[in-house]
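1. can you look at this prediction? I've put the sequence above it.
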Amino acid sequence: MAVNAFFGRIHHSLDDVRETLAIPADVPMMITDARDRAATKGTLLELVQHALAKASTTV
């Protein structure tokens with residue numbers, strides 16, 4: 001789960017977002033700026049790594 005931060009600011013803590021959206025504790029959460037190419041790339045890499053790790057434990 002990525003929380004988009006404009007100008008490096010978020011209005012709610014990651015814990016508040018997790019609780020409000022009922023996101024399980026094993027789902028990684030990160031702050032990103034979707035307008036920034038490097039930040040978006042890092043977020044997507046984290047997503048793929050998490051998906052691969054989950055897939056390898058369920059096989």
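-> Yep, it's here.
2. show me what the helix or strand in which Thr40 is found is packed against.
-> Here Thr40, judged by DSSP states H and E, is contained in helix 37-58. Where contact means 3 or more C-beta pairs under 8 Å, 6 or more residues apart in numbering; DSSP states H and E, helix 37-58 is packed against strand 30-32. Just so you know, the C-beta spots here come from the backbone N, C-alpha and C atoms, and that holds for glycine as well.
3. what does the strand it packs on contact?
-> Applying C-beta atoms under 8 Å, 6 or more residues apart in numbering, the external contacts of strand 30-32 come out as Met1, Ala2, Val3, Asn4, Ala5, Ile10, Leu14, Ala39, Thr40, Gly42, Thr43, Glu46.
4. Ala22: which of these is nearest?
-> Met1 (11.2 Å; C-beta to C-beta).
5. I'd guessed the closest one sits against Thr20; true?
-> No: using C-beta atoms under 8 Å, Met1 is not in contact with Thr20, being 11.5 Å away.
6. when those two are compared, which one has more neighbours?
-> Neighbour totals were compared for Met1 and Thr20, and Met1 leads with 15 against 9 (other C-beta atoms under 10 Å).
7. give me the number of residues near the closest residue to that one other than its chain neighbours?
-> In this structure, Met1 finds its nearest non-sequential neighbour in Met29, 4.7 Å apart by C-beta to C-beta, 6 or more residues apart in numbering. For Met29, the neighbour count with other C-beta under 10 Å is 15.
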